[in-house]
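Engineer: Quick one: sequence and predicted model below, then my questions.
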Amino acid sequence: MSEPNSSLTSNQLPAAGGDPGSLRSQALGDRAAPASTEPILFTRALTRHFGGLVAVSDVSLTLHVGEIHVVIGPNGAGKSTLTNLLSGDLPPTSGEVMFEGRNIAGCASDEISRRGIGRSYQKTNIFLPFTVFENCRLAAQSRRPHALRIFHRAERYTEINRKAEAAMAAAGLGHRADRVAATLSHGEQRQLEIAMCLATEPRVLLFDEPLAGMGPHESQRMVELIQQLSANHAIMLIEHDMDAVFALAHRLTVMVNGEVLESGTPEEVRSSPAVQLAYLGGEELLHE
């Protein structure tokens, strides 16, 4: 529910025709990935109250396979709360979350995960004492319809091991299989969290600030990984790094005070007078 401490400012919103920056210029040619015609997930009037505070208000958005939908906004805009509503970590006060034709709003997070929605968190959520492979194997095991036999060696479950290996390879960690997670770099630990998501074979991925705390090299690697994953997944990304946002986004939604201020292509959002006003510090004017 908490939002990060760093806020976005006017000079972080790239101006049309401005100097794009290395991440954005490198990836812009790869951004036009074909999205599926029908959304795999969409929300209708999604709302969440905390007492008298409206954290998310009447939010409607769509996610398509083959598309990266980036959600940005100032601190306290409701971005992480929105992610929690989609993943089942929080139930909505009202509204719908339609996933593959079924309303999953209010379903428990484990059920939503089993149905095919994976997520990462602002704070990396991995098993530090275990190896990379063991982390991924545990994630893959969670999809079994029944419990494992406790007296069987884990190595005997070949299908689970295959899924773990495939997830590591997809996240770029195949060469780190035997490394203990606690010894990985920060960027590799974020990759491991994504690998664990992939081991559950999701169709939708929800990423909450995956580039937070990374240096330029790790950020570049994460941008490339997310681009690759978008080919076969629908992705919703919360991110404050504006170079990464405009490198990755097929669709961009701006939230302010729990509401959708603007949604469209990156070019449409960047040229929006309402968005420019908000990022110049005039949010209060939008609600007068």
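Structural biologist: Structure's in. What do you need?
Engineer: Just the buried residues of whichever helix or strand Val223 is part of, please?
Structural biologist: Following DSSP states H and E, one finds Val223 within helix 216-229. Within helix 216-229, the residues that count as buried by 16 or more other C-beta atoms under 10 Å are Glu218, Ser219, Gln220, Arg221, Met222, Val223, Glu224, Leu225, Ile226, Gln227, Leu229. Glycine gets a C-beta too; all of them are placed from N, C-alpha and C.
Engineer: can you tell me how far Ile68 sits from Pro266?
Structural biologist: 10 Å (C-beta to C-beta, to the nearest Å).
Engineer: out of these two, which sits in the more crowded spot?
Structural biologist: Ile68 (27 against 20; other C-beta atoms under 10 Å).
Engineer: and Gly52, how many neighbours does it have?
Structural biologist: That count, for Gly52 with other C-beta under 10 Å as the rule, works out to 5.
Engineer: roughly how far apart are the spatially closest residue to Lys163 that is not a sequence neighbour and Tyr279?
Structural biologist: Distance criterion C-beta to C-beta, 6 or more residues apart in numbering; nearest residue to Lys163, sequence neighbours excluded, is Ala140 at 4.1 Å. Applying C-beta to C-beta, the value for Ala140 to Tyr279 is 42 Å.
Engineer: where does the residue nearest to Lys163 land in three-state SS?
Structural biologist: helix (DSSP: H, G, I helix; E, B strand; the rest coil).
Engineer: What number of residues are in the vicinity of it?
Structural biologist: When neighbours are counted by other C-beta under 10 Å, Ala140 comes out with 24.
Engineer: which residues does it contact?
Structural biologist: Ile160, Asn161, Lys163, Ala164, Ala167, Ala199, Thr200 (C-beta atoms under 8 Å, 6 or more residues apart in numbering).
Engineer: so which of these comes closest to Phe50?
Structural biologist: Thr200 (29.2 Å; C-beta to C-beta).
Engineer: wait, isn't the closest one in contact with Ser113?
Structural biologist: Yes: counting by C-beta atoms under 8 Å, Thr200 does reach Ser113; the two are 6.3 Å apart.
Engineer: what's the model's confidence in whichever strand or helix holds Ile235, averaged?
Structural biologist: In this assignment (DSSP H and E), Ile235 forms part of strand 234-238. Mean pLDDT, computed over strand 234-238, is 98.
Engineer: Do you have the helices of this structure handy? List them.
Structural biologist: Applying DSSP state H to the chain gives helices spanning 22-27, 79-87, 109-115, 132-141, 158-170, 186-199, 216-229, 242-248, 266-270, 273-279.
Engineer: nearest to Gly258, of these?
Structural biologist: helix 79-87 (7.7 Å).
Engineer: which helices and strands does that closest one pack with?
Structural biologist: If contacts are counted by 3 or more C-beta pairs under 8 Å, 6 or more residues apart in numbering; DSSP states H and E, helix 79-87 sits against strand 41-50, strand 53-59, strand 68-72, helix 109-115, strand 117-119, strand 204-208, strand 234-238.
Engineer: chain center to that helix, what's the gap?
Structural biologist: The chain centre lies 10 Å from the centre of helix 79-87; the measure is C-alpha atoms, centre = their mean, to the nearest Å.
Engineer: residues making contact with it?
Structural biologist: 1-3, 41, 43, 46, 48, 55-56, 59, 71-73, 89-92, 97, 105, 109, 112-113, 117, 119, 122, 206, 208, 236, 238, 255, 258.
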